[in-house]
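Undergrad: Model the following, please.
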Amino acid sequence: MKNDKKGFVTRSLHTPYPKQDAYNALHMPVYDGVAYEFDSAETIEEVFAGKQVAHAYSRTSNPTVEYFEHKMKSVTGAHAVVALSSGMAAISNVLIGLVENGGNIVASNHLFGHSYALLKQTLPSLGIEVRFADMTDEKVVADATDEKTRVYFFETITNPQLEIVDIEKISQLAIQNNVVVVVDSTITPPYVFESKRFGVDIEVMSTTKFISGGAAAFGGVVIDNGTFDWSKLPALKEWSAKFGQNALVARIRKEIFRHLGGTMTAHTAHYMNMGLDIMALRVNKCVENCRALAEYFESHSKIKSYRYPGSDTHEGYDLAVKQFEGKPGAVMTFDLESQEACFQFYNRLQLIRRATNLNDNKTLAIHPASTIYAEFTDEEKREMGIRSTMIRLSVGIEDSEDIIADFNQALDF
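TA: Residues are numbered from 1 along each chain as shown. Model (predicted):
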């Protein structure tokens, strides 16, 4: 990241503890306790009244989780960070926290299957309208916006369509309409994407992916860049009067997060702390492997087409360079002749794992149409750009020659 501060990895490694550890441990210990003792009735009263900050019960806050939140603040430059049990918990907490009954969200029509289902099935049952739109076309987004639009929600790179939104254009439109920009940046972690610089108000991501250090644990984060005036948002007006710029974080912690559950555990936070320190090294290796695979795909007769935003053949390549420093994650897709060919390839794999998830250290392949999007109709799949001939690849950190060798033998049918 282009930044006057110390480098990304240095900031992650050297984020100070909120309090000095009793034993001066070099790595933040796992605080597995549930409850915390107080010196007096007056102190615990002040903590529960919100006049003093301290840990009381690990379902609402925990020292190991708190340190992970501090590390994420350090590497992103955010105003505040909340860690949760999963990426879906991060998305749902944010959207429920921002939009009142009767308000609406303009969301990308190309989303990860479970995100799409949340917006299509669950949020409407809470009185929140969702309008799906092509976020790559600002006129379409503008036409979908009205006086009750509270949020623009999209992925920095859509999964698995691999489209790139011009984030600055959407952010400018959001300012004109007093709308909060919420992006899911799971595919483009903070090492390659500085969200605040492009006008993003709230960033959500699944830390299960790049941050966890190789699918060791699942979790999510909400990153508040401190750029939106919460007093202008109906759902947070009262919270803003009491908590100011911390209104969203306060509502998540004191209401939604606390009432619905979704706590990140101390052990999970420990994995996240360790994984974040070496994330940049893994991202670089994954991107290097993606570029090698792109060259391979170009010349293989059985690969009918492929998509990777880090390749200059992708229509969003210039945006990938501008927004993600030319390192737009490690997800690729490719098409074979038919679904039957996809299954043949899939069944012949020896090194590449047949599994869902993204950004594991291992390379993973999945057939989205028959798995992640299995619950959707053929028409819905077409609308979301999910083809029966497509395989999604999450590229890992193995030696690229070995990944390519597995492709060679798996395509030999």
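
Undergrad: Could you list the low-confidence segments of the stretch 251-400 of the chain?
TA: Counting by pLDDT under 70, the stretch 251-400 of the chain shows no low-confidence range.

Undergrad: Repeat the analysis, applying 90 as the threshold.
TA: Applying pLDDT under 90 to the stretch 251-400 of the chain flags residues 257-258, 261-262, 375-376, 383-384.

Undergrad: Neighbours of the nearest residue to Pro234 once chain neighbours are set aside, how many?
TA: Counting by CB to CB, 6 or more residues apart in numbering, Glu100 is the residue found nearest to Pro234 once chain neighbours are left out, at 5.0 Å. Yep, even glycine has a C-beta here, placed from its N, CA and C like the rest. For Glu100, the neighbour count with other CB atoms under 10 Å is 16.

Undergrad: Tell me where this structure has strands.
TA: 80-84, 104-108, 129-133, 149-155, 180-184, 202-206, 220-224, 305-307, 331-335, 353-354, 364-366, 390-394 (DSSP state E).

Undergrad: any chance of those in JSON lines, plus distance to Ala250?
TA: Below are the strands of the chain laid out as JSON lines (distance: least, CB to CB, whole Å):
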{"stretch": "strand 80-84", "distance to Ala250": "9"}
{"stretch": "strand 104-108", "distance to Ala250": "21"}
{"stretch": "strand 129-133", "distance to Ala250": "25"}
{"stretch": "strand 149-155", "distance to Ala250": "18"}
{"stretch": "strand 180-184", "distance to Ala250": "16"}
{"stretch": "strand 202-206", "distance to Ala250": "14"}
{"stretch": "strand 220-224", "distance to Ala250": "11"}
{"stretch": "strand 305-307", "distance to Ala250": "41"}
{"stretch": "strand 331-335", "distance to Ala250": "34"}
{"stretch": "strand 353-354", "distance to Ala250": "41"}
{"stretch": "strand 364-366", "distance to Ala250": "38"}
{"stretch": "strand 390-394", "distance to Ala250": "36"}
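
Undergrad: JSON lines for those strands, including mean neighbour count and distance to Ser92?
TA: Output for the strands of the chain, formatted as JSON lines (neighbours: other CB atoms under 10 Å; distance: least, CB to CB, whole Å):
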{"stretch": "strand 80-84", "mean neighbour count": "24", "distance to Ser92": "9"}
{"stretch": "strand 104-108", "mean neighbour count": "25", "distance to Ser92": "12"}
{"stretch": "strand 129-133", "mean neighbour count": "18", "distance to Ser92": "13"}
{"stretch": "strand 149-155", "mean neighbour count": "25", "distance to Ser92": "11"}
{"stretch": "strand 180-184", "mean neighbour count": "26", "distance to Ser92": "12"}
{"stretch": "strand 202-206", "mean neighbour count": "27", "distance to Ser92": "9"}
{"stretch": "strand 220-224", "mean neighbour count": "26", "distance to Ser92": "10"}
{"stretch": "strand 305-307", "mean neighbour count": "19", "distance to Ser92": "29"}
{"stretch": "strand 331-335", "mean neighbour count": "22", "distance to Ser92": "23"}
{"stretch": "strand 353-354", "mean neighbour count": "14", "distance to Ser92": "28"}
{"stretch": "strand 364-366", "mean neighbour count": "22", "distance to Ser92": "23"}
{"stretch": "strand 390-394", "mean neighbour count": "24", "distance to Ser92": "23"}
